[in-house]
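> Okay, predicted coordinates and the sequence, questions at the end:
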Amino acid sequence: MSECAHAADLPRPEPVPLGTTCPEYLEAGTDPVRLRLRLTCGHVGRRDSPPPRHATGHFRSTGRPVMRSFEPGESRRRC
């Protein structure tokens, strides 16, 4: 299986995470689960389902498509 077209543009090594959790959830006072790390900029956010879809919001505002799981022991990447 080949990588997506965006993978060649990713920084190596991965960016340093900008935080340890999703800032939108911290602002709301809730506890996020299933975190994702944006591999272009280091933004940490909750996965997209269920809503409020912070990951899609970040992508739409920045155009940064590739992320990976930010959960301990996981390293799956998604575009």
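Received, thanks. Residues are numbered from 1 along each chain as shown.
> use CA for all of it now, contacts and neighbours both
Fine.
> Please list the residues outside the longest helix seen in the chain that contact it.
Scanning the chain for the helix with the most residues, using DSSP state H, yields helix 54-62. Contact partners of helix 54-62, identified using Cα atoms under 8 Å, 6 or more residues apart in numbering, comprise 24, 36, 45-48, 64-65.
> Show the subsequent helix or strand relative to the worst-scoring helix or strand of the chain on mean pLDDT.
Taking mean pLDDT, DSSP states H and E as the measure, the helix or strand of the chain with the lowest value is helix 54-62, at a mean of 75. Along the chain past helix 54-62, the next helix or strand (assigned with DSSP states H and E) turns out to be strand 67-69.
> what's the neighbour count on Y25?
Neighbourhood size, Y25 [other Cα atoms under 10 Å]: 15.
> Same check on the one 5 residues further on?
T30 is surrounded by 10 other residues when neighbours are defined as other Cα under 10 Å.
> helix, strand or coil for it?
With DSSP: H, G, I helix; E, B strand; the rest coil as the basis, the three-state label of T30 is coil.
> Please look at G45 and L37 and confirm they touch.
Yes. With contact taken as Cα atoms under 8 Å, G45 and L37 are classed as touching, separated by 6.7 Å.
> Any idea which of the contacts of helix 54-62 the model trusts least?
When these are compared on pLDDT, D48 comes out least confident, at 67.
> Mind listing what's buried along stretch 67-79?
Along stretch 67-79, the positions that meet the burial threshold by neighbour count (16 or more other Cα atoms under 10 Å) are 67-70, 77.
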